[in-house]
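[1] Below are the sequence and a predicted model; questions follow.
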Amino acid sequence: MTTDTLEWRLQYAIEYYAKQHEAMHRIKDRINFLAVLLITPIASAIYFVYAARKDYPSNFALDVPAVSALAISAALLAYAGYKIFGQLAKAHDYPYPQQPSELSKYFNQLPQDGTELRKLKGNMLDAYESIISETKQRNDGRNKSIIDAQRFAAYSTIPLLIAASITFAQSTTAPSKPQEVAITKPLLVKLENPNEHKGQSVEQQPRAVATCSCNNNTVSAARPRASIPPAGAASGPCRANPQ
């Protein structure tokens with residue numbers, strides 16, 4: 001292999017490794033995206049439907065298919081979560097080439113004829129080809145796991161919709177269970193006199209005015225309504241007429 005061929009192969013290997021390294025970071029972003037925006041919302045929906053079913057009376061004809069559908073949905077989503085979160089642990093399990101600082105000590109010991117430099121480039125080419133092969137294999141496996149996770153997460157929505165439909169139908173036909181209320185503190189009942197409110201004036205009892213005609217003289221007197229005698233009652237020489 002000529003020197004130019006070696007230079008070209010080494011440069012191509014470096015560029016190809018850079019592409020695989022970039023693909024590795026894109027896979028990490030996809031895993032985080034699926035975990036947050038796909039797995040978590042579906043898991044929350046499964047729990048919401050399960051919690052909503054506890055508010056309705058038992059119905060064997062509706063509970064069995066609904067709970068079975070929820071169990072199937074949860075199992076499919078659990079497998080999708082295993083595929084996703086299992087890849088997060090492998091995020092740093094990648095081979096890397098030697099750093100330039102690790103190679104600098106060898107360059108200082110190379111002879112001036114260039115024979116050892118050509119040999120060092122050949123070793124670097126072999127190392128890059130091995131790293132590229134392993135990195136690509138890991139990226140392909142992680143991509144396959146992501147596709148499987150997307151597929152099973154999508155499958156889990158089908159039984160989830162069935163369970164949600166049954167729960168909605170049951171909510172429109174069955175009455176809800178009575179809610180239990182626990183009183184943790186004693187209730188204090190205070191009876192108040194409406195005439196004892198502060199800042200309010202107490203209204204006086206209405207009074208009645210009685211007139212009495214005696215010897216062509218009219219006398220008016222204000223009396224409480226309770227002390228006014230009934231109409232027609234005699235009061236000495238005068239007759240009281242309530243007004």
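    Thanks, I have it.

[2] and Y56, what element?
    Using DSSP states H and E, Y56 sits in no helix or strand.

[3] Can you check the pLDDT for A222?
    pLDDT for A222: 45.

[4] now P206
    P206 carries a pLDDT value of 47.

[5] what do you get for the one 5 residues further on?
    For T211, the model assigns a pLDDT of 46.

[6] do L38 as well
    82.

[7] didn't it look like it was pressed against F152?
    No: using C-beta atoms under 8 Å, L38 makes no contact with F152, being 10.6 Å away. Glycine gets a C-beta too; all of them are placed from N, C-alpha and C.

[8] shared neighbours of these two, which are they?
    Both L38 and F152 are contacted by A80, under the criterion C-beta atoms under 8 Å, 6 or more residues apart in numbering.

[9] OK, contacts around A80?
    Residues in contact with A80 (C-beta under 8 Å, 6+ apart) are L38, I39, D148, A149, Q150, R151, F152, A153, S156.

[10] The first one looks like it's in a helix, true?
    Yes: if the criterion is DSSP: H, G, I helix; E, B strand; the rest coil, then L38 is within a helix.

[11] what about it, neighbour count?
    Residues near L38, counting by other C-beta atoms under 10 Å, number 19.

[12] Do you know the pLDDT at the residue nearest to it when sequence neighbours are not counted?
    Of all residues not flanking L38 in the chain, A153 sits nearest, at 5.3 Å (C-beta to C-beta, 6 or more residues apart in numbering). Here the pLDDT value assigned to A153 is 90.

[13] send the alpha carbons of the helix or strand containing I46 over as PDB?
    I46 is part of helix 40-53 when elements are defined by DSSP H and E. The C-alpha coordinates for helix 40-53 follow below in PDB (Å, rounded to 0.1, in the frame of the first residue of the first chain):
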ATOM      1  CA  THR A  40     -44.600   9.000  30.100                       C
ATOM      2  CA  PRO A  41     -47.900  10.400  28.700                       C
ATOM      3  CA  ILE A  42     -49.200   6.900  27.800                       C
ATOM      4  CA  ALA A  43     -48.300   5.600  31.300                       C
ATOM      5  CA  SER A  44     -50.200   8.600  32.800                       C
ATOM      6  CA  ALA A  45     -53.200   7.800  30.700                       C
ATOM      7  CA  ILE A  46     -53.200   4.200  31.800                       C
ATOM      8  CA  TYR A  47     -53.100   5.200  35.500                       C
ATOM      9  CA  PHE A  48     -55.900   7.800  35.000                       C
ATOM     10  CA  VAL A  49     -58.200   5.300  33.400                       C
ATOM     11  CA  TYR A  50     -57.400   2.800  36.200                       C
ATOM     12  CA  ALA A  51     -58.100   5.400  38.900                       C
ATOM     13  CA  ALA A  52     -61.300   6.500  37.300                       C
ATOM     14  CA  ARG A  53     -62.700   3.000  37.300                       C
END
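
[14] and the helix or strand containing D29, which residues are buried?
    Applying DSSP H and E as the criterion places D29 in helix 3-34. By neighbour count on 16 or more other C-beta atoms under 10 Å, the buried set for helix 3-34 is R9, L10, A13, Y17, Q20, M24, I27, R30, I31, L34.

[15] Next one: the second one from Y128, what distance?
    Just to be clear, that refers to L10. Plainly put, L10 is 7 Å away from Y128 if you go by C-beta to C-beta, to the nearest Å.

[16] Next, show the common contact partners of these two.
    When contacts are counted by C-beta under 8 Å, 6+ apart, L10 and Y128 are jointly contacted by no residue.

[17] any idea which helix or strand carries the nearest residue to I162 once chain neighbours are set aside?
    Nearest non-adjacent residue to I162, counting by C-beta to C-beta, 6+ apart: A69, 4.4 Å away. In this structure, A69 sits in helix 60-88 according to DSSP H and E.

[18] Brilliant, that's me finished.
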